[in-house]
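# predicted model follows, preceded by the sequence.
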Amino acid sequence: MLFCGYSFVFPIPSIPVNYSVLPIIVQKYGGTSVANPERIKQVARRLLETQQQGYSVVAVVSAMSGVTDSLIQLAKEVSQKPVGREIDVLLATGEQTTMALMAMAIEDLGGKATSLTGAQAGIVTNAFHTKAKIHHILPDQISAELAEGKIVIVAGFQGETSDGEITTLGRGGSDLTAIALAAALQAQECHILTDVEGVFTCDPRVVPTAQKIKVISYDEMLEMASSGSKVMQSRSVEFAKKFNVIFEVRSSFNNQPGTIVKEESPDMEQVVVRGISIERNQAKVTITNVPDRPGCAARIFTAVAEAQLVIDVIVQDVSAHGATNISFTLNRDELEKMGNLMDQVAQEIVAGPVHKEGGIAKLSVVGIGMRTHSGVAARLFEALAQGGINIQMISTSEIKIAVIIEESAVEKAAQLAHVAFGL
């Protein structure tokens, strides 16, 4: 029997199976993979096939595509400032709907399954609503269900505090759920299944010639995720690196190999640039004529931190005549959240006018090979110059060079950089 390009046969064990000693595989399915009942049934078949191959299976599921956005819109329609606790209670229902439907689909196909909320799965977090961090995991119930031969479906994106309050882990939190469970269960394999076939050298919608990367290091994946790549949540990559969870990003719609994310090895440094990321919807704030004395920068960024604004690139000009300019970038949505805060701070420290500018984007080139190869920055800047693209700000790390440019030019810039580095 064939389903969606892969074979599937119902298990008919001839001898009792000791499920408690089978290797564990954790698979995470994103919103597009479970977008409708038919896709949920396809994933159910795939989970049963995986179990047939001799694994104990844990599936982490996201809310069906579009459901989380619909729930957020509902919250906005009934409240101008919904409380974080109630937002978490509301949004957690999206994944819970998917987990229950998935368990039903598996049972209907003749398998055994049970669905667990984040709390039932033993995921304990801190009390920071809407962006909670995992404190620890007690997977006793998952282990017990696996020992009975069941496929365990866990609602991604959520957990509970030690006081029993429902929390959510932020956008893309199902990735973190899967990585954390793989670590806690000492899973043999962890797959992040999505609507793309892996991690590419650039977004194929921007650069049609982009190639799938076979293996990428945690550090490279982390830089790409934090620089605009939407394949993985950056926090989940940090967690994987901390606990050495090797995982594979692959498509849920076929059985093609994806991209393996792991600790770097010496041979990986032979590739100078692994990939290119772009991040749109950025904004730039410049505080002019900041007095060049101790404490002024601290006052600016303390105010930013207290307002819980997430900023990215920071640049300070060379001081002239006892004053300097300080610029930083942030998401355009954060700019609206900032309001007049920087104007008030500028007045307090006796600085000049504050300039706010939208319509910019960030282009990043990433590769651990930069540690041992020179000339990367020169090649990038030359490619952009030949394309007539002006660089507004530059930021570097050991394995990344990022530039701030006009948003209207970012696709052209990505294409030029892709060619320049032979990707």
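Ah, there it is.

# in the chain, which residue is most central in space?
Among the residues of the chain, the one closest to the centroid is Gln233, at 1.2 Å (CA atoms, centre = their mean).

# what's the closest non-adjacent residue to that residue?
Leaving aside its chain neighbours, Gln233 sits nearest to Gly172 (3.1 Å; criterion: CB to CB, 6 or more residues apart in numbering). Using the backbone N, CA and C atoms, a C-beta is placed for each residue, glycine as well.

# if I pick the one you found, what's in contact with it?
Applying CB atoms under 8 Å, 6 or more residues apart in numbering to Gly172 gives the contacts 232-233, 235-236.

# and those, which two are furthest apart?
Spatial extent of these (CB to CB) is set by the pair Met232 and Arg235 at 9.3 Å.

# dump the contacts of Gly172 to JSON lines, plus pLDDT and secondary structure.
Shown next, in JSON lines, are the contacts of Gly172 (pLDDT from 0 to 100; DSSP: H, G, I helix; E, B strand; the rest coil):
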{"residue": "Met232", "pLDDT": "76", "secondary structure": "coil"}
{"residue": "Gln233", "pLDDT": "75", "secondary structure": "coil"}
{"residue": "Arg235", "pLDDT": "85", "secondary structure": "helix"}
{"residue": "Ser236", "pLDDT": "88", "secondary structure": "helix"}
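
# show me how to select, in PyMOL, the buried members of the residues you listed.
The PyMOL selection below is limited to those of those classed as buried (16 or more other CB atoms under 10 Å):
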select buried, resi 232+233+235+236
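
# what is the nearest of the contacts of Gly172 to Pro257?
Closest to Pro257, out of all of these and judged by CB to CB, is Met232, at 17.0 Å.

# how close does the nearest residue to that closest one once chain neighbours are set aside get to Asp140?
Residue nearest to Met232 in three dimensions, not counting chain neighbours: Ala225, with 4.8 Å by CB to CB, 6+ apart. From Ala225 across to Asp140, the span is 31 Å (CB to CB, to the nearest Å).

# who's more crowded, these two?
Higher neighbour count among Ala225 and Asp140: Ala225, with 23 against 10, using other CB atoms under 10 Å.

# is it true that that one touches Val237?
Yes - between Ala225 and Val237 there is a contact under CB atoms under 8 Å: 5.5 Å.

# who touches both of these two?
Here Ala225 and Val237 have no joint contacts, going by CB under 8 Å, 6+ apart.

# ok, how many other residues are close to Val26?
Other residues lying near Val26 total 30 when counted by other CB under 10 Å.

# can you tell me which residues contact it?
By CB under 8 Å, 6+ apart, the residues touching Val26 are 58-60, 178, 181-182, 185, 187, 189-191.

# and the pLDDT at it?
According to the prediction, Val26 has pLDDT 97.

# what does the one 3 residues further on give?
At Tyr29 the predicted local confidence, pLDDT, stands at 96.

# what about the residue of the chain positioned farthest from its centre, distance to Val315?
The centre of the chain is farthest from one residue, His321, which by CA atoms, centre = their mean lies 43.7 Å away. Note on His321: its distance to Val315, by CB to CB, is 19 Å.

# thinking again about what came up before, okay, the contacts of Val26 in a markdown table with neighbour count next?
Listed next are those as a markdown table, based on neighbours: other CB atoms under 10 Å:
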| residue | neighbour count |
| --- | --- |
| Val58 | 28 |
| Ala59 | 30 |
| Val60 | 32 |
| Ala178 | 31 |
| Leu181 | 28 |
| Ala182 | 27 |
| Leu185 | 20 |
| Ala187 | 24 |
| Glu189 | 16 |
| Cys190 | 24 |
| His191 | 21 |
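
# which helix or strand contains the residue nearest to Met232?
If you go by DSSP states H and E, Ala225 is part of helix 218-226.

# chain center to that helix: distance?
The chain centre lies 10 Å from the centre of helix 218-226; the measure is CA atoms, centre = their mean, to the nearest Å.

# now for it, which elements pack on it?
Helix 218-226 sits against helix 234-243, strand 259-262, strand 275-291, strand 354-366, with contacts defined as 3 or more CB pairs under 8 Å, 6 or more residues apart in numbering; DSSP states H and E.

# try it again at 7 Å.
helix 234-243, strand 354-366 (3 or more CB pairs under 7 Å, 6 or more residues apart in numbering; DSSP states H and E).

# list the buried residues for stretch 296-315?
Buried residues in stretch 296-315, defined by neighbour count with 16+ other CB under 10 Å: 296-297, 300-301, 303-304, 309, 312-313, 315.

# with that, I have no additional questions.
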